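S.K.: Got a predicted model here, sequence first, then my questions.
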Amino acid sequence: YTLVFTGKPIPEDMPKTIPWEHDTKKVTEPPFKLMPWVKNHQAELKNKGSVPLFKPEKYQSDVYVHGFGDQGKAFKARSPKSESIFWLLQGKATLKINGNLQDLNFDDIFLVPKSSWVEFESMSEDCAILSTTMDPSNKSRIVL
């Protein structure tokens with residue numbers, strides 16, 4: 001048995017209805033370095049907590065950076081239809097997901113199931129966690 005990668009999806013593995021469509025008309029911002037962005041927003045992350053990396057009303061995906069200011073806060077995951085991915089960029093954190101503790105160390109990535117309760121149990125002062133949620137129902141909020 002030989003495995004061949006063609007770069008093409010296997011038709012029977014594809015969902016019957018596609019929940020996410022590529023937007024070929026959207027012009028995005030120029031690339032930037034993530035960690036200097038985090039450093040420039042460190043005071044806001046420490047005091048306020050969550051800061052959007054991109055304007056939520058402009059894109060289908062929600063991308064936020066969470067900081068120390070979110071410690072002790074709980075929220076329902078951003079979408080009842082989509083998982084969220086949490087990636088620890090710096091510092092340390094413990095998340096409580098549906099009552100279960102999950103320790104995160106530098107560069108850890110954690111998949112949070114849809115419709116989960118997420119609580120930022122404990123966070124180091126320099127903590128920065130990137131979260132991403134791709135909710136197909138966000139198509140309606142896009143402004144061209």
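M.R.: The structure has been received and is ready for your questions.
S.K.: low pLDDT regions in the chain?
M.R.: Across the chain, residues meeting the criterion (pLDDT under 70) sit at 1-7, 13-15, 18-21, 23, 77-78, 139, 141-144.
S.K.: mind running it again at 80?
M.R.: 1-28, 60, 75-81, 135-144 (pLDDT under 80).
S.K.: ranges for the helices of the chain?
M.R.: Along the chain, counting by DSSP state H, helices occupy 34-40, 42-47.
S.K.: Check the offset of the first one from the chain's centre.
M.R.: Averaged C-alpha coordinates place helix 34-40 at 16 Å from its chain's average position (C-alpha atoms, centre = their mean, to the nearest Å).
S.K.: Give me the buried positions along it.
M.R.: Going by neighbour count (16 or more other C-beta atoms under 10 Å), the buried part of helix 34-40 is Val38. No exception for glycine: its C-beta is placed from N, CA and C like everyone else's.
S.K.: same deal with the last one?
M.R.: Residues of helix 42-47 classed as buried: Gln42, Leu45, Lys46 (neighbour count, 16+ other C-beta under 10 Å).
S.K.: want to throw the residues you listed into TSV with distance to Leu130?
M.R.: Converted to TSV, these look like this (distance: C-beta to C-beta, whole Å):
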residue	distance to Leu130
Gln42	14
Leu45	11
Lys46	16
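S.K.: Check those against Leu104 and report the nearest one.
M.R.: Leu45 (15.3 Å; C-beta to C-beta).
S.K.: now the strands: where do they sit in the chain?
M.R.: Ranges of strands in the chain, per DSSP state E, are 51-52, 61-66, 74-76, 84-90, 93-97, 100-104, 109-112, 117-123, 128-134.
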